[in-house]
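Q: Here's my sequence, what's the structure:
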Amino acid sequence: RGLISDPTLSGAEDVPRGLALGRRVLLDVLAAGLPTAVEFLDPLVATYIEDVVSYGSIGARTVESPVHRQLAAAMKMPMGFKNGRS
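A: Numbers count the residues shown, from 1 in each chain. Below you'll find the predicted structure:
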C-alpha cells in the first residue's frame with residue numbers, strides 16, 4: 001500500500017517505522033525548497049503528515065468513499081480527486 005504501510009517493501013507492515021520514514025522524506029523535500037504531494041490512502045495517517053504536505057489527492061478507488069471526502073473537506077491544503085471508477 002505504500003511507504004508508510006510497508007517501508008521495507010517486504011510485505012510486513014510496520015506503520016510506526018513507515019510514518020517516521022515518510023515524514024523524514026517529506027521534510028527533506030521541503031528543506032530542498034520543493035512542495036510535497038501525497039495520495040491519502042488511509043485517512044488515519046493524514047493527521048501525522050498533513051503539516052508537511054503541500055498538496056493532497058484522493059485516489060480513484062476511494063474517491064467515492066464518504067470518509068475520504070470528509071477528509072478532503074477538512075484538510076487545509078489544495079486537494080485533488082482522481083476520476084471515479086464508474
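
Q: Can you pull the poorly scored residue ranges out of the protein?
A: 1, 85-86 (pLDDT under 70).

Q: ok, and for the longest helix along it, which residues are buried?
A: In the chain, with assignment by DSSP state H, the single longest helix is helix 15-31. For helix 15-31, burial by neighbour count (16 or more other Cβ atoms under 10 Å) applies to 15, 18-19, 22, 26. Bear in mind the C-beta positions are built from the backbone N, C-alpha and C, glycine included.

Q: What of stretch 48-62?
A: Residues 49-50, 52-53, 56-59, 62 are the ones in stretch 48-62 that count as buried (16+ other Cβ under 10 Å).

Q: Can you give the distance from that stretch to the centre of its chain?
A: In terms of Cα atoms, centre = their mean, to the nearest Å, the centre of stretch 48-62 is found 4 Å from the chain centre.

Q: Perfect, that will be all.
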